[in-house]
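# A structural model of the following input is requested.
(one chain, ligands or ions: 1)
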Amino acid sequence: MTRALRVRSYAKVNLGLEVLGVREDGYHELRTLFQTIDLHDDITLRPRKAGIVVRCDHPLVPTDATNLAAQAAEALRRYARIASGVEITIRKRIPVGGGLGGGSSNAAAVLLGLDRIWRLGLGPAGLHLLARRLGADVPFFLLGGTALGLARGDEVYPLHQQLRAWVVLVDPGLPVSTARVFARVDAGLTPRGNSSSIFYFVSRELQGARAFRLLVNDLEEAALEEAPALRGQARRIRGVLLKEGARLAALSGSGSSYFGLFDGARAARRACAALAAEGLQAQVTRTVTLEQYRGSGARRRAR
Ligand code: ATP
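Modelled structure (predicted):
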């Protein structure tokens, strides 16, 4: 009963994101390229006799039953008919409301961790249905790496060619509500059935070339309308990243984090310093491939 498990909960960026339309169930039909990065929250799971308790060191993260990590634990507890409870301690490093999937990642990490603690043997495939009920981005975090997300983003297909790159992440410190960004998209939405940047990207990749400049994020304009203070910063961020040699400079998800992809560490560090000189908060991290993501699970330690 006293054994605790520490798990890493990684952030993601969206290398590209296309909004294809609104589905009959009210959700959006998406096509996106997900990528896990090395920035992570630390989660400790401590079994307890009863009840689900959440502790978190970030003021914007709720610690009641609305916390996605608590919802994940509760969903799995019911599904597997577990009578005992768990204490979930989250050390936040992933910016909240940054489009980096922090809440969704926490939920998936809790599902994977409790699957081990409670010895359920479900694995990513057995947890998929619970994950997609918790949120559209949660299934991706059961797998990680470079993956194509279809439908609501919850149908996830890992790419054969996993991306290895340095990532400069910029946090403008302006949390943006994903729901509000989608509402703005809807207000001006004409279904974009012909949007095919990701299709072309993946096709080129199969031929051994990576055409990052093809990729777009259909949520960016709506995010900039939602957070007007972001527009000026966005121009500066993109300018610096591209000047320093980024192969792709883009908004992640519904924002507000921007990122740049670099081939080398030195260029990434130079870009980071140039952003800092402009008063922008930036950090250097790396992509986490499917294999590395799986491996990090194996390192999860019981203490
Ligand atoms: P999205 O995955 O929609 O792009 P995001 O990365 O922009 O989301 P999150 O950091 O996941 O944003 O947080 C969005 C909101 O979810 C926060 O305002 C917070 O109140 C709530 N939330 C609930 N549980 C968590 C959690 N475990 N970690 C972070 N936020 C959480």
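
# strands along the stretch 201-303 of the chain, start to end?
With DSSP state E, counting those that start in this stretch as the criterion, the stretch 201-303 of the chain has strands at 248-251, 258-262, 282-288, 301-302.

# okay, those in TSV with mean neighbour count, mean pLDDT and distance to Y27 next?
Placement of C-beta: from N, CA and C, glycine included. Listed next are the strands of the stretch 201-303 of the chain as TSV, based on neighbours: other Cβ atoms under 10 Å; pLDDT from 0 to 100; distance: least, Cβ to Cβ, whole Å:
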stretch	mean neighbour count	mean pLDDT	distance to Y27
strand 248-251	23	97	21
strand 258-262	26	98	25
strand 282-288	20	98	27
strand 301-302	9	49	37
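
# and the ligand, which of those is closest to it?
Proximity of those to the ligand was assessed by Cβ to the nearest ligand atom; the nearest stretch is strand 248-251, lying at 10.9 Å.

# now for that closest one, which elements pack on it?
Under the contact criterion of 3 or more Cβ pairs under 8 Å, 6 or more residues apart in numbering; DSSP states H and E, strand 248-251 touches strand 5-22, helix 220-226, helix 229-243, strand 258-262.

# around the ligand, which positions in the chain sit nearby?
Residues of the chain found near the ligand (Cβ under 6 Å from any ligand atom) are 60-62, 67-69, 90, 96-104, 106, 137, 178, 253-254.

# drop anything exposed from the residues you listed.
61, 67-69, 90, 97-104, 106, 137, 178, 253-254 (16 or more other Cβ atoms under 10 Å).

# show me those residues that map onto helices.
L68, A69, G102, G103, S104, N106, T178 (DSSP state H).

# and the first one, what does it touch?
When contacts are counted by Cβ atoms under 8 Å, 6 or more residues apart in numbering, L68 touches G103, S104, N106, A107, L134, G135, V138.

# same thing but at 10 Å, please
Contacts for L68 (Cβ atoms under 10 Å, 6 or more residues apart in numbering) come out as 54, 61-62, 102-108, 110, 134-135, 137-138.

# one more: the third one?
Each residue near G102 by Cβ under 10 Å, 6+ apart is listed here: 9-12, 39-41, 58, 61, 68, 90, 92-96, 137.

# how far does the helix or strand hosting E87 sit from the chain's center?
Applying DSSP states H and E as the criterion places E87 in strand 85-91. When distances are taken as Cα atoms, centre = their mean, to the nearest Å, strand 85-91 is centred 20 Å away from the chain's centroid.

# packing partners of that strand?
Strand 85-91 is packed against strand 5-22, strand 28-48, strand 52-56, helix 68-79, helix 102-117, with contacts defined by 3 or more Cβ pairs under 10 Å, 6 or more residues apart in numbering; DSSP states H and E.

# which of the helices and strands packed on strand 248-251 sits most buried?
strand 258-262 (a mean of 26; mean count of other Cβ atoms under 10 Å).
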